[in-house]
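K.L.:
predicted model and sequence below, questions to follow.
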Amino acid sequence: MPSPKPAVVHPHLRPNTLGLTVRDYEGAPSTLCAGCGHDSVTAAIVRAFYELERPPHMIAKLSGIGCSSKTPTYFVGGAHGFNSAHGRMPSIATGANAANRSLTYLGISGDGDSLSIGVGQLVHAIRRNLDMLYVIENNGVYGLTKGQFSASADIGTKSKRGEANQYSPIDPVSLALELGASFVARAFSGDKGQLVPILKAGLSHKGFALIDVISPCVTFNDHEGSTKSYLNTRKRMLPVISTDFVAADFVPHAAEITTEYAPGSAVSVKLHDGSTVRLRKLAEDYDTGSRQSAADEVERHRSKGEVPTGLFFVDTNSRDMHDISGTTEVPLSQVPYQKLCPGSAALDELQKSFR
Amino acid sequence: MPSPKPAVVHPHLRPNTLGLTVRDYEGAPSTLCAGCGHDSVTAAIVRAFYELERPPHMIAKLSGIGCSSKTPTYFVGGAHGFNSAHGRMPSIATGANAANRSLTYLGISGDGDSLSIGVGQLVHAIRRNLDMLYVIENNGVYGLTKGQFSASADIGTKSKRGEANQYSPIDPVSLALELGASFVARAFSGDKGQLVPILKAGLSHKGFALIDVISPCVTFNDHEGSTKSYLNTRKRMLPVISTDFVAADFVPHAAEITTEYAPGSAVSVKLHDGSTVRLRKLAEDYDTGSRQSAADEVERHRSKGEVPTGLFFVDTNSRDMHDISGTTEVPLSQVPYQKLCPGSAALDELQKSFR
Amino acid sequence: MHQRQVIRTNDFALKLANVNGTGSASANGLLMQAIFRMGIPVSGKNLFPSNIQGLPTWYEVRVSKSGHTARALDYDLCIAMNAETYARDVKEVRSGGALLYDSSWPLDAALSRPDVTFLGVPLARMCNAIFTDSRERILMKNIAYLGTLVALLDIDMGVIDELLEEKFSKKKALRDSNHKALRAGYDFAIENFECPLPIRLEKMHATDDRILIDGNTATALGCLYAGATVAAWYPITPATSVMDSFKELCAEYRKDPETGKNNYCIVQAEDELAAIGMVIGASWNGARAFTSTAGPGISLMGELIGLAYYAEIPAVIVDVQRTGPSTGMPTRTQQGDILACAYASHGDTKHILLFPANPGECFTLAVAAFDLAERFQTPVFVLSDLDIGMNDWVCPRLKWDDGYRPNRGRVLGAAELEKMTKFFRYSPENEDHVAARTLPGVHSKGAFFTRGSGHNKLGGYTEVPDEYQEVMDRLAKKHKAAAAAVPAPILHKQVDAAFGIISLGGCDPAVREAVAALAERGIIADYLRVLGFPFGAEVEAFLAAHERVFVVEQNRDAQLRTLLTMETSAPKEKLRSVLVYGGFPLSSRHVIDGITAQLAQLEHR
Amino acid sequence: MHQRQVIRTNDFALKLANVNGTGSASANGLLMQAIFRMGIPVSGKNLFPSNIQGLPTWYEVRVSKSGHTARALDYDLCIAMNAETYARDVKEVRSGGALLYDSSWPLDAALSRPDVTFLGVPLARMCNAIFTDSRERILMKNIAYLGTLVALLDIDMGVIDELLEEKFSKKKALRDSNHKALRAGYDFAIENFECPLPIRLEKMHATDDRILIDGNTATALGCLYAGATVAAWYPITPATSVMDSFKELCAEYRKDPETGKNNYCIVQAEDELAAIGMVIGASWNGARAFTSTAGPGISLMGELIGLAYYAEIPAVIVDVQRTGPSTGMPTRTQQGDILACAYASHGDTKHILLFPANPGECFTLAVAAFDLAERFQTPVFVLSDLDIGMNDWVCPRLKWDDGYRPNRGRVLGAAELEKMTKFFRYSPENEDHVAARTLPGVHSKGAFFTRGSGHNKLGGYTEVPDEYQEVMDRLAKKHKAAAAAVPAPILHKQVDAAFGIISLGGCDPAVREAVAALAERGIIADYLRVLGFPFGAEVEAFLAAHERVFVVEQNRDAQLRTLLTMETSAPKEKLRSVLVYGGFPLSSRHVIDGITAQLAQLEHR
Ligand SMILES: Cc1ncc(C[n+]2csc(CCOP(=O)(O)OP(=O)(O)O)c2C)c(N)n1
Ligand SMILES: Cc1ncc(C[n+]2csc(CCOP(=O)(O)OP(=O)(O)O)c2C)c(N)n1
Ligand code: SF4
Ligand code: SF4
Ligand SMILES: [Mg+2]
Ligand SMILES: [Mg+2]
């Protein structure tokens, strides 16, 4: 019988200022495999929303199809969920966002959902700088259909049956950087300490935030020879930037100020909603404000077989789809009909030109 | 009444060793607008095939839908043509190539066909390193549907109606470099001297060769304020590499050896079929054998508002889809049925395991 | 010659043969508009090729004092401006008719006809004499032949002047050029031909309360007035101008007076799969949203249409039909997507369809589409076509009832939710078999999970047969319930009708003309035009009341007949088809010939 | 108790309730296989959830000496291994039946039934005693209950041993564990229950010349033997195993002996749009190519299917149907894509469909599909379903005629082309209304231009109505001509039948059983099973010969009935539907109840 996962570990169930505890941000029990990386991501999302103190019903959680895409059922039960069709979540999110810009949009997808059937929609959601957090739970395989290679499978990685992938992988991070995403990060489901602040930053960012989360599939891609197994990921993963998040209206508690900073290497970036991310870089010369510098840094490590993680790039002044289209601030779904209908007089007037 | 375009200018109608003249590589008269950049690309293709001396019926020319995609009708009438569906040419070409690896595959597409509806298929054709030349006739608009912005429209470029595009463009060159294409180039329809040798190199390359050809739309995107007009492209275009092609079994004639090389800056690359491309770089430190170096070079110029052109990157040792899948050298369409059917004895044997 | 003496006032047809991209469109438009302003019923059909410049294109103008606007098949006067199609065009002139050609070059004798009057006008020579700029010389030839027509057809010069004034008020130079060219053509005609021709115009007042409008503009207007705020689309002929118009209209009427911001959001999607996804996302989130496309787009939208059907999300899809299958003939008309839309998507699905017959109905049915989509929480298709959508039609002035309020269907507000103990998405159902929905962000109690996977009546995930079936059965009932809600069919009843005719959409003008013509021959038919699917009681009644019913439609496979057969109780044997699907608009002759031929057959049994 | 004394040999049904991902599958497979090897007709239905681990899953085994393989709805013995579904499972045991449970924990008294015998076996305790590894303890519980069943049902232990030997020949340790667990369960039963139960097994020879095979493997074999060299696909349940099998088979039989290279190319596409595109490209280029998918894939392939139809390119599409619409229930069966496939794509299109009823026919019809696709140069759908595709069926051994040669249809070779003056793609046509095609690279005279846009019978681009129509009309005739070429329906004729039954595909076992059962009640019916669409003369004859025909199918909207109504001359009134569409395989009871209920109604009129 499925035990209620994720088990969220938390010292005491302290309610946030909305009076909600972590439990209030959980969802239905997970039906994923015990140990699936996706459940850890779910737990981190629960934690992030709880700490950001978002009212659940102001959250829209959308997904495509896949084990990863099932997870919205497992977090924030009080949010509006939409488990759509395979690879089509970006377009559904675009329409939803067009209709109501006042909600928080979180899209959950998988590497199959986003890089194969859905890559076209992902590419164009990025171009529009759609205001949403887009999380790819990346395990290098199609989990729900039992373990075929996905487009993120590394060259040489072995399937459970032992065949090696030989097609060059798509790295969502490099792709997003190339296409102009305004917030690009990578994390590992096994490292909650890193994942939670990045999620919070992504949720607080205005514009398209992409987080590629390496999230191992214990059932079909956690064996020896797999480059996306827990073991191999732990070995290769390298935090080139460590991220620390401080919410706008937030007194950091003990746990979070202890992190020591090597003076000079730390940068503070103020996000649209007033909160701040503190970034600590591994390489001195790397400029987190420069797309090209980020791309180079990622490529430099990737070419060494490492899996660079962290918040690589953030542009806090980018204009989202609505800025570009000049949409009114009022959610379109709430603009009264009277404001939308020109009325009979205008119609008569207009028709004078139809003669 | 449509005059037979393209008018191919050529000193004398000298037949090639197949006994075919340039005329034999032409197709039906173009029905495109007078002055359309695509007609110049058509002319260059005619020239390239003629000079490469390819037997027309061994050429498969495929396209999607658009003005650009109509052009296969206008060149090499003796080739097999397939004007398929919008954005789907890459998959049709993949299947065609899977069935018969012995033909020359030339895909013609537009920026709308390839970067909007078709970007998913383009991305994955690149991943498979499909052995074909893929030409994007890039005019920044949807010509056939009368001038909407395409995904390659630059930020700030103005439509005929005067509105400015504000979405970040997709640069097919950077995209192809990022995704692992084994041959990446850009040219301008207005510069045949540059385009023809690059086409010949692309046709001689084994693996996926992408050429982004800036090809102005005189009717909908050649006005002032358009960044892809003839005028503006001439202004901004910068050949960072000049390409010179020498076919394997080919004695270069006068016209082609005159090009002078600044000693040291020229590189010679031997292609799969034995022919050679000579590349002359603008920047000394730029390594045409390195994907990253190429990407940086392209970005460096792009960020200055220039349109870098030339054969940026070529990998002559890449493995195409068939190498990776271990397909037999004999075109699958020609493997005799006897070799394909295991026969009744094998079936009986096999069925012993079905009990 | 004697034939020519029969004077035919306000009752004739012209065919203008041109090369596209040479500026003929504006001259032909002016011609049509001028006749309209003279108060005379007129229709224009633009038969254009699928490219941008240099191929043959035709424009047909029919003048009919009795108001017949369907395509006429024989032409009293042909303006032959395209040498490439000259031979074909000469053939199509009716015996006794006339042909106007550019006499700057000698005429090919082989192509002359004894029964046709040839009117040579040296258009090119004239324009070369008047103008220096080469482009202008080409463009003005069109205005020159317009001038000739003014004389030949006795068009009111005042009206023409007025039109040119309006058109070029800001471009004096252009106006003058136009005047010069017009004059030249006019004067030449007066000097060289006996004007007017027996086919001529005379002012009427039949268009006083009417407008000239194309269906796509009317559809866009309907969406504007229905309160659509989100539109997502991908360019495709012949649907593109729906969104072009919507965009222009929004720019004009949807700027917020206070903030100057847009009370709308139009997204040019990367393809049709994305466009329908955006519409579904926006509708799910409470906006009125729509997309416009053509056949290929419908095919691509299939999967997500099934999602909207099963998850019960409103969506308005305008399909401006063109000739299929596949790419087919993108600039030709057809009614070939009826079945593709009615049963779109895999699995058991059925959708609501609306069939506008003219721009006026494009306007009203676009509004109805949103009300139906939200009331029944399901996709609704508006099936227009290229003929309706892209040609200018003379229509009664559009009316708008300021008392109209959108029917948003069952949507729970914060107050209602506050009162509830618990909200379930798919129950309880009302008499339409529709359950209440909620919108994200409205109230914490309203949250629910939308999914295209198996769900029970509470909205929970299920794989239990009975629970799954319960929802599917309700969806079937819901679709049936919509029969009473879609606009009622329009019945043209006669006394002692021998049989019935059922048709839809753009076939209407041709069928009405045919019914009248048949009546004159003593063949009496009742005519019912369906406006929507599922079919209601009126359709059943009409079928029950007639022993034999001819179904007239513009596709090869009798798609409307199929729908009538499957979705009504009528025995299929009584339904016979008249099918025209070559890609050009329907003419009454097609209908008359189709029906009389079958009647003859039936008798000789 | 007395009921229990009725001995029922080789005629009973079991239901095994498990949790997926706990290893029950292999134990249940062994059980089924053992019965099969004892020569007894048996069928197994795997009712599994749409996730990978932790949800309820059932496996039903039906033993029927008379060879009925349809799903049984009441169970003589239930093995209740899933506490979560325990309550449900207890209810489903027939009165007088038995239930086996894990007595390691006390039984919830509330859930006991007086009319059911409860057999408690301490499976967990046993395994914990024998094994130390926790994973092994879980897995072996399944083998332990298998051991108990060996005793209770009198399964031949020799057969079981033999199976374990084969299965674990290379894994000694595993074999020993299995033996231990099996023993433990067996011994416990012998000591504590009176074995065997009244329901028991006895060797027969009914499966001697038969095999155990699932439909997807059989389909893959068919594609292999038909000579398919290119396969393109995108993973989707329940179609995935078609390609898994094809891949394995190719690895085994398609390595070139000389070069060791592959005489095949399988491409895992990025999605279904690409998969069908690849199939079309490969077929265009002369390879036999196919794809396998399910409903959502069919929707996505719509546009390109229309291209293949109109440009006349062969394509084989295997649709292993699952419960729709939308994502629906991916691990449940249905026949809901019939219309979506028959009329796939916008515009006027009609396709050829094949309906295999069991793995044996998956094999033969897969081969037929390629011959039809190439002979008629058009897409052909093989409509299988999850029940046929993913369950193991007992089938007659597959036969192969080594004399078979692929029917490549009209393809011109170099020699023929050399002789021709000029080749035109779409004419002349043969009696099937098919024109000859050429393959790229074969001969310079063979070159032509393929397009999805309007073309005339010579293959040239056209926008001329008559030319367009001429080609469309031929396509319609071509589809009609295929009626004589698709496999003939299978007729089960009886004397003095009161009515007819028409069904298709996976409904067959249930319908045949129902026909027999009805006959026993004196209700005589003829039964026709269609194997393909378009329908041929036999179908017309059957419809003509029967006043009343019940159409049995597994979907909500009577899709086969729709097709029969539209595509035959039968009056629709005589066709009545029996519809079952909850997602589980059909049972004879569904058919019997459905028909008798309607017969009763009809009488009470
Ligand atoms: C149109 C369509 N094609 C195929 C499928 C089958 N399918 C379901 S999930 C999936 C892939 C999921 O992979 P990924 O997105 O990486 O998610 P994961 O299970 O690995 O988390 C596929 C191919 C589908 N549901 N819809
Ligand atoms: C599925 C589908 N959607 C839309 C169209 C309409 N359409 C035809 S060409 C085209 C865009 C062509 O743009 P591009 O590829 O840049 O070619 P260009 O005309 O600019 O050379 C579109 C949207 C179509 N043919 N099919
Ligand atoms: S199959 Fe893999 S991805 Fe899916 S739930 Fe199991 S572990 Fe997670
Ligand atoms: S519209 Fe533009 S792209 Fe198309 S033919 Fe004309 S110039 Fe070329
Ligand atoms: Mg995955
Ligand atoms: Mg373009």
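P.N.:
Thanks, I have it. Ligands and ions are numbered 1, 2, ... in the order given.
K.L.:
from residue A:179, how far out is the residue nearest to residue A:116 when sequence neighbours are not counted?
P.N.:
Nearest residue to residue A:116, sequence neighbours excluded (Cβ to Cβ, 6 or more residues apart in numbering or on different chains): residue D:270, at 4.4 Å. C-beta: built from backbone N, CA, C; applies to glycine. Plainly put, residue D:270 is 17 Å away from residue A:179 if you go by Cβ to Cβ, to the nearest Å.
K.L.:
my guess is residue A:218 contacts residue A:33. True?
P.N.:
Yes. Between residue A:218 and residue A:33 there is a contact at 5.7 Å, judged by Cβ atoms under 8 Å.
K.L.:
before we move on, the earlier item: which one of residue D:270 and residue A:179 has more residues nearby?
P.N.:
Neighbour count, other Cβ atoms under 10 Å in any protein chain shown: between residue D:270 and residue A:179, residue D:270 has more, with 28 against 25.
K.L.:
ligand 1 contacts on chain A?
P.N.:
Contact residues (Cβ under 6 Å from any ligand atom) of chain A with ligand 1: A:65-68, A:86, A:110-113, A:137, A:139, A:141-145, A:150.
K.L.:
just the ones in helices from those, please.
P.N.:
Members of those lying in helices (criterion: DSSP state H): A:67, A:68, A:111, A:112, A:113.
K.L.:
pLDDT value on the last one, please?
P.N.:
pLDDT, residue A:113: 98.
K.L.:
doesn't residue A:71 make contact with it?
P.N.:
No. Residue A:113 sits out of contact with residue A:71 when judged by Cβ under 8 Å, with a separation of 11.7 Å.
K.L.:
more crowded one of those two?
P.N.:
Counted by other Cβ under 10 Å, residue A:113 and residue A:71 do not tie: residue A:113 has more neighbours, with 33 against 27.
K.L.:
any idea how far that one lies from chain C?
P.N.:
Separation of residue A:113 from chain C (Cβ to the nearest Cβ, to the nearest Å): 13 Å.
K.L.:
excluding chain neighbours, what is closest to that residue?
P.N.:
Counting by Cβ to Cβ, 6+ apart, residue A:113 lies nearest to residue A:64, which is 3.9 Å off, once chain neighbours are set aside.
K.L.:
look up phi and psi at the residue nearest in space to the middle of chain C.
P.N.:
Centroid-nearest residue in chain C: residue C:388, 1.9 Å away (criterion: Cα atoms, centre = their mean). Dihedral angles of residue C:388 (phi, psi; degrees, to the nearest 10) stand at phi -70, psi -40.
K.L.:
residue A:190: which element?
P.N.:
Remark: residue A:190 resides in no helix or strand, with elements defined by DSSP states H and E.
K.L.:
show me what contacts it?
P.N.:
Shown in contact with residue A:190 (Cβ atoms under 8 Å, 6 or more residues apart in numbering or on different chains): A:37, A:40, A:216, A:230, A:233, A:234.
K.L.:
tell me the pLDDT of it.
P.N.:
Looking at residue A:190, the pLDDT reads 95.
K.L.:
for residue A:133, same thing?
P.N.:
98.
K.L.:
and for residue C:428?
P.N.:
In this model, residue C:428 carries a pLDDT of 97.
K.L.:
ok, it touching residue C:458?
P.N.:
No. In this structure, residue C:428 is not within contact of residue C:458 by Cβ under 8 Å, at 10.6 Å.
K.L.:
okay, the two: which has more neighbours?
P.N.:
It is residue C:458, of residue C:428 and residue C:458, that has more neighbours when counted by other Cβ under 10 Å, with 16 against 8.
K.L.:
ok, now which ones touch that one?
P.N.:
So residue C:458 contacts C:424, C:425, C:426, C:427 (Cβ under 8 Å, 6+ apart).
K.L.:
any idea how far it is from residue C:424?
P.N.:
Taking Cβ to Cβ, one finds residue C:458 at 4 Å from residue C:424.
K.L.:
ok, the residue located most distally from the centre of chain C - contacts?
P.N.:
Farthest-out residue of chain C from its mean C-alpha position, per Cα atoms, centre = their mean: residue C:421, at 48.7 Å. Not one residue lies near residue C:421 by Cβ under 8 Å, 6+ apart.
K.L.:
wait, residue C:263 sits on residue C:257?
P.N.:
No. In terms of Cβ under 8 Å, residue C:263 does not count as a neighbour of residue C:257; the distance is 9.8 Å.
K.L.:
low pLDDT regions in chain C?
P.N.:
Applying pLDDT under 70 to chain C flags the ranges C:1-5, C:605.
K.L.:
enumerate the residues of it near ligand 4.
P.N.:
C:52, C:53.
K.L.:
any idea how many residues pack against the residue in chain C that ligand 4 sits nearest to?
P.N.:
Per Cβ to the nearest ligand atom, residue C:52 is where chain C lies closest to ligand 4, at 4.0 Å. Per other Cβ under 10 Å, the neighbour tally for residue C:52 reads 22.
K.L.:
kindly report the same for residue A:268.
P.N.:
Using other Cβ under 10 Å as the criterion, the residues surrounding residue A:268 number 10.
K.L.:
which residues touch the host helix or strand of it?
P.N.:
Following DSSP H and E, the helix or strand that holds residue A:268 is strand A:266-270. Contacts to strand A:266-270, defined as Cβ under 8 Å, 6+ apart, come from residues A:276, A:277, A:278, A:279, A:280, A:281, A:288, A:314, A:316.
K.L.:
in strands, which of those fall?
P.N.:
Using DSSP state E, the subset of the contacts of strand A:266-270 located in strands is A:276, A:277, A:278, A:279, A:280, A:281, A:314.
K.L.:
and the two most separated of those residues?
P.N.:
A:276 and A:281 (16.1 Å; Cβ to Cβ).
K.L.:
so for these two, which sits in the more crowded spot?
P.N.:
Neighbours around residue A:276 and residue A:281, counted as other Cβ under 10 Å, are more numerous at residue A:281. The numbers are 19 against 16.
K.L.:
show me the helices in the stretch 501-605 of chain C, by range?
P.N.:
Remark: helices assigned in the stretch 501-605 of chain C by DSSP state H, counting those that start in this stretch are C:508-520, C:537-545, C:559-567, C:588-603.
K.L.:
likewise the stretch 151-300 of chain A?
P.N.:
For the stretch 151-300 of chain A, helices defined by DSSP H, counting those that start in this stretch occupy the ranges A:172-179, A:192-204, A:230-236, A:254-257, A:291-303.
K.L.:
same check on the stretch 151-300 of chain C?
P.N.:
C:157-168, C:172-192, C:215-226, C:240-253, C:272-284, C:295-311.
K.L.:
close to chain B, is the next helix or strand after the last one?
P.N.:
Think helix C:295-311. Next along the chain after helix C:295-311, taking DSSP H and E as the criterion, comes strand C:315-321. No. Applying Cβ under 8 Å from any Cβ of the partner chain, one finds strand C:315-321 separated from chain B by no less than 13.0 Å.
K.L.:
other SSEs contacting strand C:315-321?
P.N.:
If contacts are counted by 3 or more Cβ pairs under 8 Å, 6 or more residues apart in numbering or on different chains; DSSP states H and E, strand C:315-321 sits against helix C:215-226, helix C:272-284, strand C:289-293, helix C:295-311, helix C:359-376, strand C:379-385, helix C:386-390.
K.L.:
residue A:130 and residue A:95 touch, don't they?
P.N.:
No. Residue A:130 is beyond contact range of residue A:95, at 10.3 Å (criterion: Cβ under 8 Å).
K.L.:
between the two, which one's more packed in?
P.N.:
residue A:95 (30 against 25).
K.L.:
for the host helix or strand of that one, the averaged confidence score.
P.N.:
Here residue A:95 sits within helix A:89-99, counting by DSSP H and E. For helix A:89-99, mean pLDDT rounds to 98.
K.L.:
what's the answer for stretch A:243-251, then?
P.N.:
Averaged across stretch A:243-251, the pLDDT comes to 75.
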